[in-house]
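> all I have is the shape, not the residue letters:
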């Protein structure tokens, strides 16, 4: 039986996250957005409150929160600032490849530090000339005994400038595409690791984003989390776990835009009445609401599947695609409601719009999500409807009449135009499309 009720523990977690977002995140969001700087003290407070790294299993010192729990937390923080929500969540993304790996020794070494010592992790697949094409990685990993030597540059690395560790995906041979990809858990203080300046961005300016360069960085064998040929699968498993949370970023931001709009339309007057009285405004708000609600359900479904140990790839892509697209639509509509005021920096909408624009890009663009879903539809989707060539559309004879031609004669369907013929044999040619007898298939009813 389906159950859409949060547990009492989850409701308490939701309230706690909401209070944290309103007290600690919302008041500083615009100041640090203006400075283009990540407020590390706020991330530390999030850690102290149990919101950062809380999804690490208890056996490694974490709180063992589910992905549903993480989605609940993320929505509340993203409603206050999507950029800060990104930086708070990113440590979970950064440690996820390690958690999903078979390297138990590295898990025992690093996960307790992330869970208990406020150590931050980052995730690095993207490069200056490679974004969503994970198989196109060119960062080089050369094997040297049991160790590997890293050379190359990673780009668009969230928290790369403040992280203690980075999950780095590289290749032993770029010509082999996904077959050469491997992964490592790298300490940022190792010799040869250089972090670039924060990348100036349109939005998500409260989230640190840098390039990271590796020059002859020696990675010991105990820090290998995916051998050559295993890295691509590990990256895809990571995305299946983390993409639902990108949906939560969108849900939180879109919900905030909706709630700001509801407040605004009740107080803004035009033509002698509150603009909330106008049906055009009410329809906008209704559309915004249904998109927020739908996005949340898709996100929670994807997170639930992952929590159950199911392959959540399709649901993760669906939720990420819909919620990120929805966030842009809802916030953009909110700006239309606010009109000129929404376009100014004195109201919250313009920042939300700048922040949510990124959701359609990172962790796989909307186009990549469509490719994933199309591949699933073409190769794996199981239809419950009959094939068209087996479908008898009876219009001339009653299937409920036991004496009708449907039961007394053969039934043939033209596979080209769909014409249904009743006789013991197919016609020599179709009377509609003129294709020959071989175009017909006998069907059962």
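Thanks, I have it. In this text, all values refer to a predicted model and were calculated from it rather than measured experimentally. Numbering: from 1, shown residues only.
> residue 179: how many residues sit nearby?
Each residue near residue 179 was counted by other C-beta atoms under 10 Å, and the total is 15. From N, CA and C alone the C-beta is placed, and that goes for glycine too.
> meant to ask about residue 422
If you count neighbours by other C-beta under 10 Å, residue 422 ends up with 16.
> cool, residue 380 as well?
8.
> could you do residue 60 as well?
As a burial measure, residue 60 scores 20 neighbours (other C-beta under 10 Å).
> now it: phi and psi?
With angles defined as degrees, to the nearest 10, residue 60 sits at phi -110, psi 20.
> could you do residue 306 as well?
Summarising the backbone geometry of residue 306 under the convention degrees, to the nearest 10, its torsions are phi -60, psi -40.
> where's it relative to residue 77, distance?
The spacing between residue 306 and residue 77, counted by C-beta to C-beta, to the nearest Å, is 20 Å.
> could you do residue 269 as well?
34 Å.
> ok, then the element right after the lowest-mean-pLDDT helix or strand in the chain?
In the chain, no helix or strand scores lower on mean pLDDT, DSSP states H and E than helix 405-408, which sits at a mean of 86. Downstream of helix 405-408, the next assigned helix or strand under DSSP states H and E is strand 411-414.
> which of the residues in that next one are buried?
Along strand 411-414, the positions that meet the burial threshold by neighbour count (16 or more other C-beta atoms under 10 Å) are 411-414.
> pLDDT score assigned to residue 445?
At residue 445 the predicted local confidence, pLDDT, stands at 67.
> name the residues that touch stretch 435-445?
Contacting residues not belonging to stretch 435-445 are listed as 389-392, 394, 399, 406-407, 410-417, 421, 426-430, 433 [C-beta atoms under 8 Å, 6 or more residues apart in numbering].
> redo that, cut-off 7 Å
Residues external to stretch 435-445 that are found in contact with it (C-beta atoms under 7 Å, 6 or more residues apart in numbering): 389-390, 392, 399, 406, 410-416, 421, 426-430.
> so which of residue 269 and residue 77 has more stuff around it?
Comparing residue 269 with residue 77 by neighbour count (other C-beta under 10 Å), the higher total belongs to residue 77, at 29 against 11.
> show me what the helix or strand harbouring the more buried one is packed against.
Remark: residue 77 resides in helix 67-80, with elements defined by DSSP H and E. For helix 67-80, the packing partners by 3 or more C-beta pairs under 7 Å, 6 or more residues apart in numbering; DSSP states H and E come out as helix 8-20, helix 82-100, helix 231-267, helix 279-307.
> give me the angle between that helix and helix 279-307.
Relative orientation of helix 67-80 with respect to helix 279-307: 150 degrees, computed using axes from the mean of the first three to the mean of the last three C-alpha atoms, to 10 degrees.
> what angle do helix 67-80 and helix 231-267 make?
Relative orientation of helix 67-80 and helix 231-267, computed by the same axes, to 10 degrees: 50 degrees.
> run the angle between helix 67-80 and helix 8-20 for me.
Using the same axes, to 10 degrees, helix 67-80 lies at 20 degrees relative to helix 8-20.
> quick check: buried residues in stretch 253-266?
Buried residues in stretch 253-266, defined by neighbour count with 16+ other C-beta under 10 Å: 253-258, 260-261, 264-265.
> now stretch 171-179: buried residues?
171-172, 174, 178.
> excluding its backbone neighbours, what's nearest residue 259?
Of all residues beyond its chain neighbours, the one nearest residue 259 is residue 79 (8.0 Å), with distances taken as C-beta to C-beta, 6 or more residues apart in numbering.
> the closest residue in space to residue 398 that isn't next to it in sequence: neighbour count?
For residue 398, the nearest residue in space outside its immediate sequence neighbours is residue 404; the separation is 5.1 Å by C-beta to C-beta, 6+ apart. Residue 404 is flanked by 15 other residues according to other C-beta under 10 Å.
> what's the neighbour count on the residue nearest to residue 248 when sequence neighbours are not counted?
Of all residues beyond its chain neighbours, the one nearest residue 248 is residue 74 (3.9 Å), with distances taken as C-beta to C-beta, 6+ apart. The burial metric for residue 74, expressed as a neighbour count using other C-beta under 10 Å, is 28.
> wait, what's in contact with residue 74?
Taking C-beta under 7 Å, 6+ apart as the criterion, residue 74 is in contact with 85, 89, 245, 248-249, 252.
> distance to residue 374 and mean pLDDT added to the helices and strands packed on helix 67-80, as a markdown table?
As requested, these are exported to a markdown table (distance: least, C-beta to C-beta, whole Å; pLDDT from 0 to 100):
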| stretch | distance to residue 374 | mean pLDDT |
| --- | --- | --- |
| helix 8-20 | 34 | 96 |
| helix 82-100 | 25 | 95 |
| helix 231-267 | 16 | 95 |
| helix 279-307 | 18 | 96 |
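> looking at those helices, which is closest to residue 333?
Of all the helices and strands packed on helix 67-80, the one in closest proximity to residue 333, counting by C-beta to C-beta, is helix 279-307 (5.5 Å).
> which elements pack onto the next helix or strand after that closest one?
Later in the chain than helix 279-307, the nearest helix or strand by DSSP H and E is helix 313-338. Taking 3+ C-beta pairs under 7 Å, 6+ apart as contact, the helices and strands that helix 313-338 lies on are helix 231-267, helix 279-307, helix 349-356, helix 366-379.
> elements contacting the longest one?
In other words, helix 231-267. Packed against helix 231-267 by the contact rule (3+ C-beta pairs under 7 Å, 6+ apart) you find helix 67-80, helix 82-100, strand 181-187, strand 273-274, helix 279-307, helix 313-338, helix 349-356.
> is it possible to get CSV of those that adds distance to residue 34?
What follows is the helices and strands packed on helix 231-267, written out as CSV (distance: least, C-beta to C-beta, whole Å):
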stretch, distance to residue 34
helix 67-80, 16
helix 82-100, 12
strand 181-187, 32
strand 273-274, 32
helix 279-307, 27
helix 313-338, 19
helix 349-356, 10
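> of all the ones you listed, which one comes closest to residue 217?
Distances from residue 217 to each of those were compared by C-beta to C-beta, and the smallest falls on strand 181-187, at 6.8 Å.
> just want the angle from that closest one to helix 231-267.
Computed by the same axes, to 10 degrees, the angle separating strand 181-187 from helix 231-267 equals 70 degrees.
> how about strand 181-187, which residues are buried there?
Buried residues in strand 181-187, defined by neighbour count with 16+ other C-beta under 10 Å: 181-186.
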